[in-house]
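S.K.: coords please:
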Amino acid sequence: MDMGFLNPLLHRAGPWASVYMDTSAVAEDAVAVRELQARDACERLAETGADEATCRAVFDTLSGVTREDAGQAVFATDGEAVLRVPLSVPPPSPAPTSWAALPRIAPLLDYGEREPTCLVAFVDRRGADLQLRGTHGRPRPAGHVEGDQQWPIHRTGRADWSERHFQLAVENTWEQNAARIAETLAADAEASHAELLVLAGDPRQRRSVHERLPEPLREITVESEHGGRSAGTKDNRLDEDVERARGERARSRAEETLDRFRAGRSIAGDGIDAAEGLPALVDAAREHRISSLLVRPDGPDLHRDVWVGAEPDQVSVRKSDAQYLGATMPAAARADDALLRSAAANGAEVIALPAADGDPREVPVGGLGALLRWPFSDGNPGGGIRPGH
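M.R.: Alright, predicted model coming up:
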């Protein structure tokens, strides 16, 4: 999961109000229900110390939400609703709320968009329409590719020499258009950080496009037999194919990362390539060393307190260390929120792991772990604290 969308939250001092509200109601009184939910959430925020201006900002934002998603998360501070995030899973009722030093972002792993960002291409012999899915909201258009329209696109059934020559020119146009589509998809997939590409539409053309994709993109590309480019085309089976592919990609990505994590826990080569245990993770976060943050939802370390300042790299296990790092007024915060904030600020990906099933081999210990950008060279991360201790 790419956490870059959290950027508006990363460099502002708190305290922060965070609310996760179910907005999926479709009844005639849904608007009134959402207003009551928003009022109840703000009353509970006020009871925990939130100021009136911030509560008002939260209420105005939530009460004005239309039914577009399963839920909405709102993060506010200093009288301003700074960020609103659409949710893909309805949160419980009453709406979970938090008034804390950091925005309560960890529940986004439960209610937010967990599956990878997906680029969908509806292709035919003239070009392609692109759509982006999995960016915390409904699917949105991502542009078009228009192929060469100078040659007629359709072949004829005649068999004389001139017609065969004409048909060859038409097929060359198809191939040129496929190459143009593939080139555009490669650039757009990179720009959008898409982790999956789904090709739909004309069977011959989507295969031709598939064959012309760069190898890394071809490895994460699947084809769907459903859906097309024609105006008004809507096929729920395509939606099912896309969501199935996204779920499979998410599970595969989590398994790959967990395998790398298990291998990285042992000293090999230059040192240890993985970290676990809160002291080691905090040190790695402060040094911008985390490449992938692994989060298992039932781990006890998630709700342990660490000390934080206004900046993402001002995080420590001890209050005195936070002051040494420049945090003039360090505050206690949940470890999961502090590490997720650091991951978002430093471009680290976040991998949400399934809950442990009781197997003692399940890792990471404590529910939090990391793959590192460069290893702990002495095999002793955290200034004398070994991973998991």
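
S.K.: Only C-alpha atoms from now on, for both contacts and neighbour counts.
M.R.: OK.

S.K.: what are the ranges of the helices in the stretch 251-389 of the chain?
M.R.: Under the criterion DSSP state H, counting those that start in this stretch, the stretch 251-389 of the chain carries helices at the ranges 278-286, 319-324, 335-345, 381-384.

S.K.: what about those, which gets the closest to residue 118?
M.R.: Taking C-alpha to C-alpha as the criterion, residue 118 comes closest to helix 335-345 out of the helices of the stretch 251-389 of the chain, the separation being 19.9 Å.

S.K.: chain center to the closest one, what's the gap?
M.R.: Helix 335-345 has its C-alpha centroid displaced from the chain centroid by 14 Å (C-alpha atoms, centre = their mean, to the nearest Å).

S.K.: what packs against that helix?
M.R.: The criterion is 3 or more C-alpha pairs under 8 Å, 6 or more residues apart in numbering; DSSP states H and E, and the helices and strands that helix 335-345 contacts are helix 278-286, strand 290-295, strand 305-308, strand 349-352.

S.K.: what mean pLDDT does it have?
M.R.: Helix 335-345 comes out with an average pLDDT of 96.

S.K.: before we move on, what about stretch 299-313?
M.R.: Regarding stretch 299-313, the rounded mean pLDDT is 92.

S.K.: sorry, back to before: mind checking which of the helices and strands packed on helix 335-345 is nearest residue 48?
M.R.: Relative to residue 48, the nearest member of the helices and strands packed on helix 335-345 by C-alpha to C-alpha is strand 305-308, separated by 18.1 Å.

S.K.: contacting residues around the closest one?
M.R.: Among residues not part of strand 305-308, those counted as contacts by C-alpha atoms under 8 Å, 6 or more residues apart in numbering are 314-319, 322, 327, 330-335, 338.

S.K.: Dump the C-alpha coordinates for that strand into CSV.
M.R.: As requested, C-alpha coordinates have been extracted for strand 305-308 and formatted as CSV (Å, rounded to 0.1, in the frame of the first residue of the first chain):
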residue,chain,number,x,y,z
ASP,A,305,3.2,4.0,23.3
VAL,A,306,6.2,5.8,21.8
TRP,A,307,7.2,9.4,22.0
VAL,A,308,6.8,11.8,19.0
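
S.K.: Which positions within it qualify as buried?
M.R.: 305, 306, 307, 308 (16 or more other C-alpha atoms under 10 Å).

S.K.: so which of those comes closest to residue 296?
M.R.: Sorting the buried residues of strand 305-308 by distance to residue 296 puts residue 305 at the head of the list, at 17.0 Å, by C-alpha to C-alpha.

S.K.: How about the contacts made by the closest residue in space to the closest one that isn't next to it in sequence?
M.R.: Here the nearest residue to residue 305 in space, its sequence neighbours aside, is residue 334; by C-alpha to C-alpha, 6 or more residues apart in numbering that works out to 4.8 Å. Under the criterion of C-alpha under 8 Å, 6+ apart, the neighbours of residue 334 are 302, 303, 304, 305, 306.

S.K.: residue contacts, the first one?
M.R.: With contact taken as C-alpha under 8 Å, 6+ apart, residue 302 is in contact with 334, 335, 336, 366, 367, 368.

S.K.: from those residues, which would you call buried?
M.R.: Members of those that pass the buried threshold by neighbour count (16+ other C-alpha under 10 Å) are listed as 334, 335, 336, 366, 367, 368.

S.K.: what about the stretch 51-200 of the chain, any weak spots by pLDDT?
M.R.: Along the stretch 51-200 of the chain, the model assigns pLDDT under 70 to residues 66-68, 135-137, 148-172.

S.K.: Helices of that one, residue ranges please.
M.R.: 52-63, 108-111, 161-192.

S.K.: So which of those is the most surrounded?
M.R.: Each of the helices of the stretch 51-200 of the chain was given a mean neighbour count from mean count of other C-alpha atoms under 10 Å, and the largest, a mean of 21, is that of helix 52-63.

S.K.: Please write out the alpha-carbon positions of it in CSV.
M.R.: Below are the C-alpha coordinates for helix 52-63, written out as CSV (Å, rounded to 0.1, in the frame of the first residue of the first chain):
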residue,chain,number,x,y,z
GLU,A,52,-14.9,23.5,19.5
ALA,A,53,-13.5,24.8,16.2
THR,A,54,-12.1,21.4,15.3
CYS,A,55,-15.3,19.6,16.3
ARG,A,56,-17.2,22.0,14.0
ALA,A,57,-14.9,21.3,11.1
VAL,A,58,-15.4,17.5,11.5
PHE,A,59,-19.2,17.9,11.8
ASP,A,60,-19.4,20.1,8.7
THR,A,61,-17.4,17.7,6.7
LEU,A,62,-19.1,14.5,7.7
SER,A,63,-22.7,15.8,7.7
